[in-house]
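>>> Starting from these lines, generate the structure:
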Amino acid sequence: MGIPSDLLPYRKPHIKNKRLTDPHVVIVGAGASIAACKYDKNGVEVPVLKNIHKVLGLETAIKDYGFSVSDIEDFEMFYSSIATKPKYKDLAAYLENAVRDYFKKLELPDEPTYYDYLILSLTEKDAIISFNWDPFLAQAYRRNLKVGNLPMMIFPHGNVGMGICEDCHTIGYADTLCSECYNEFGDMPLLFPVGEKDYGKHSIIKFQWKQAQEYLSHAAGVTVFGYSAPVTDREAFDLMKNAYQESGMKEIALFEIINLESVREEQVTRWEELFNKKMMIYTDTLKNTQLWKFPRVSLEALFDAILQCHPREENKSFQSFNSLDDLQAFVKTIDEYELYFETEI
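Below you'll find the model as predicted:
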């Protein structure tokens with residue numbers, strides 16, 4: 001006889017017609033883009049925000065305002081220190097424009113990247129929350145649309161690959177037209193690193209955050225890929241933590257962290273407010289995750305194993321494909337979405 005659901009330290013997964021309805025949520029940061037491609041299709045270096053001023057050659061302009069090398073060692077911290085000071089308004093605007101223009105030029109390589117695998121490892125009930133400004137996720141999504149059954153994309157800090165129509169309050173790919181009024185999309189606002197971000201200031205960003213919180217509040221599994229949750233993002237971290245706590249799944253939900261081995265201790269400590277250590281997996285590559293081993297059915301495989309003692313065979317795991325067509329053809333063969341449960345647990 002099982003334990004009554006109201007006495008369990010967690011809620012049961014939501015299941016309908018032997019299908020899991022709870023989402024797998026993936027949170028991506030700059031580390032995911034670096035893992036996908038250190039250099040873009042045209043050999044342009046993909047920067048992380050910490051050193052972006054060096055990659056973009058912005059040091060001279062910053063020094064002209066009287067700052068030293070030590071002042072700008074970490075761009076995130078430096079920008080946060082000047083963003084709200086009126087005397088540095090012009091410098092802040094210059095830096096924002098330079099960063100936006102640089103990211104707009106980036107193009108995803110033709111061959112499959114981790115972003116392609118990531119998008120194709122999830123389904124339409126799932127979501128990818130991206131804190132990156134580069135257009136890679138949006139570009140990967142567009143070129144995999146024909147596969148169908150793809151996850152939601154959410155950009156709480158804005159993204160150069162997406163555009164907005166202020167009049168119709170819609171969002172779409174940056175180089176396309178609004179489906180409502182057929183005008184060109186304008187730039188999506190980018191939230192730069194400041195100690196206190198006002199996520200409710202812009203309606204589009206506010207809606208992105210609402211979506212992120214909605215998915216996290218129902219998540220039955222979370223993967224953090226290359227997002228370190230820096231101190232300049234404390235407000236974002238708290239918003240995610242509060243939303244995820246509502247899910248009631250912490251005790252049995254998968255929590256994967258993909259990041260460098262050198263920052264393992266730091267990252268585990270950073271995220272331990274959100275996960276149960278017994279359910280945590282730390283790795284330095286997407287290939288060691290549930291998403292790679294069981295694409296499209298990552299959480300179904302998990303719950304079959306831990307709740308029904310019926311582990312699935314890894315006979316539909318990803319492999320390294322040389323072409324996007326081959327990867328897409330493989331994904332179309334995955335149709336094992338049903339859970340092992342004969343009845344709802």
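
>>> in this structure, which helix or strand is least confident?
helix 75-82 (a mean of 86; mean pLDDT, DSSP states H and E).

>>> on contacts alone, who are the packing partners of it?
helix 52-55, helix 89-104 (3 or more CB pairs under 8 Å, 6 or more residues apart in numbering; DSSP states H and E). (C-beta placed from N, C-alpha, C; glycine too.)

>>> With just CA atoms, put that helix into PDB.
Only the C-alpha atoms of helix 75-82 are listed here, as PDB (Å, rounded to 0.1, in the frame of the first residue of the first chain):
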ATOM      1  CA  PHE A  75      32.900  44.000 -17.000                       C
ATOM      2  CA  GLU A  76      29.800  42.800 -15.100                       C
ATOM      3  CA  MET A  77      30.900  44.400 -11.900                       C
ATOM      4  CA  PHE A  78      32.200  47.500 -13.600                       C
ATOM      5  CA  TYR A  79      29.100  48.200 -15.600                       C
ATOM      6  CA  SER A  80      27.000  47.700 -12.500                       C
ATOM      7  CA  SER A  81      29.000  50.300 -10.700                       C
ATOM      8  CA  ILE A  82      28.500  53.000 -13.300                       C
END
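
>>> Quickly compare the helices and strands packed on helix 75-82 and say which is most buried.
Mean neighbour count (mean count of other CB atoms under 10 Å) peaks for helix 52-55 among those, with a mean of 18.

>>> Quick one: mean pLDDT over that helix.
Taken as a whole, helix 52-55 has an average pLDDT of 88.

>>> so how far is it from its chain's centroid?
Mean-position distance between helix 52-55 and its chain equals 23 Å (CA atoms, centre = their mean, to the nearest Å).

>>> which strands and helices sit next to it?
So helix 52-55, by 3+ CB pairs under 8 Å, 6+ apart, packs with helix 75-82, helix 89-104.

>>> Helix or strand next in line after the longest one, which one?
Pointing back at helix 89-104 there. helix 114-121 (DSSP states H and E).

>>> Report the distance from the helix or strand following that following helix to the chain centre.
Toward the C-terminal end, the helix or strand that comes next after helix 114-121 (DSSP H and E) is strand 127-130. Here strand 127-130 is found 4 Å from its chain centre; the criterion is CA atoms, centre = their mean.

>>> So what touches strand 127-130?
Strand 127-130 is contacted by residues 23, 25-28, 118-119, 122, 137, 151-156, 159, 211-212, 215-216 when judged by CB atoms under 8 Å, 6 or more residues apart in numbering.

>>> Which of these fall within strands?
25-28, 152-154 (DSSP state E).

>>> Make a markdown table out of those residues and add pLDDT and neighbour count.
Output for these, formatted as a markdown table (pLDDT from 0 to 100; neighbours: other CB atoms under 10 Å):
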| residue | pLDDT | neighbour count |
| --- | --- | --- |
| Val25 | 97 | 29 |
| Val26 | 98 | 30 |
| Ile27 | 97 | 25 |
| Val28 | 97 | 25 |
| Met152 | 97 | 17 |
| Met153 | 97 | 20 |
| Ile154 | 96 | 23 |
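
>>> same for the helix or strand harbouring Leu291, what does it pack against?
Take DSSP H and E as the rule and Leu291 turns out to sit in helix 290-293. If you count contacts as 3+ CB pairs under 8 Å, 6+ apart, helix 290-293 packs onto helix 114-121, strand 221-225, strand 254-258, helix 298-308.

>>> Need the residues that contact the helix or strand just after the third one.
Following the chain from strand 254-258 toward its C-terminal end, the next helix or strand by DSSP H and E is helix 264-271. When contacts are taken as CB under 8 Å, 6+ apart, the neighbours of helix 264-271 outside the stretch itself are 224, 228-229, 255, 257, 259, 280, 282.

>>> With stretch 76-88 instead?
Residues from elsewhere that reach stretch 76-88 (CB under 8 Å, 6+ apart): 49-50, 53, 62, 65, 67, 71-72, 91-92, 95, 192-195, 230, 232.

>>> next one: stretch 291-303
Applying CB under 8 Å, 6+ apart, the contact partners of stretch 291-303 are 13, 20, 22, 24, 26, 117-118, 120-123, 149, 220-221, 223, 252, 254, 256, 286, 289-290, 311-312, 314, 316-318, 331, 334, 336-339.

>>> from these, which would you call buried?
13, 20, 22, 24, 26, 117-118, 120-123, 220-221, 223, 252, 254, 256, 286, 289-290, 312, 316, 318, 331, 334, 339 (16 or more other CB atoms under 10 Å).
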